[in-house]
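1. quick one, fold the following:
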Amino acid sequence: MCRNIKTLFNFEPPATEEEIHASALQFVRKLSGINKPSQANEAAFDRAVAEVSDAARRLLTSLHTHAPARDREIEAEKAKERSRLRFG
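-> A predicted model of the protein is given here:
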């Protein structure tokens, strides 16, 4: 359920709004245990996703590091290799 929650800090190019939103959506889904909310819960669910997105965006813009920015494609290749070793 949380496969879209990935590290978003210290990448070049920086995390996009879509990536932040996808992570926030997965986080709220995990917390609530709801994949798609009912009409009665939709407003609360959407508000939570928006608030988590805002908090994540503020966090990402306030963090600082001296480490060089990571390359998304290199990190994706590393993840594929780890998956290949793990699952064959």
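2. how near is the residue lying closest to residue 8 once chain neighbours are set aside to residue 38?
-> Taking CB to CB, 6 or more residues apart in numbering, and ignoring the residues beside it in sequence, residue 8 has residue 15 as its nearest neighbour in space, at 3.8 Å. C-beta here means a position set from N, CA and C on the backbone, and glycine is covered the same way. Summarising the geometry, the distance separating residue 15 from residue 38, computed by CB to CB, to the nearest Å, is 30 Å.
3. neighbour-wise, which of the two wins?
-> For residue 15 versus residue 38, neighbours defined as other CB atoms under 10 Å are more numerous around residue 15 (20 against 8).
4. buried set for stretch 37-53?
-> Within stretch 37-53, the residues scored as buried using 16 or more other CB atoms under 10 Å are 37, 45, 48-49, 52-53.
5. tell me who's in contact with the residue most central in space within the chain.
-> Taking CA atoms, centre = their mean, the centroid of the chain lies closest to residue 23, which sits 2.7 Å from it. Taking CB atoms under 8 Å, 6 or more residues apart in numbering as the contact definition, residue 23 lies against 4-6, 8, 56.
6. turn those residues into TSV, including secondary structure.
-> Output for those, formatted as TSV (DSSP: H, G, I helix; E, B strand; the rest coil):
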residue	secondary structure
4	coil
5	coil
6	coil
8	coil
56	helix
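7. most neighbours among these, please name it.
-> Neighbour tally across the contacts of residue 23 (other CB under 10 Å): the maximum, 20 neighbours, falls on residue 56.
8. okay, residue 86: pLDDT?
-> Residue 86 is assigned a pLDDT of 89 by the prediction.
9. how near is it to residue 59?
-> Residue 86 is 29 Å from residue 59, by CB to CB.
10. so where is this structure shaky, pLDDT-wise?
-> Low-confidence regions of the chain, defined by pLDDT under 70, span residues 1-4.
11. can you pull out the helices in it?
-> Under the criterion DSSP state H, the chain carries helices at the ranges 17-32, 39-62, 72-87.
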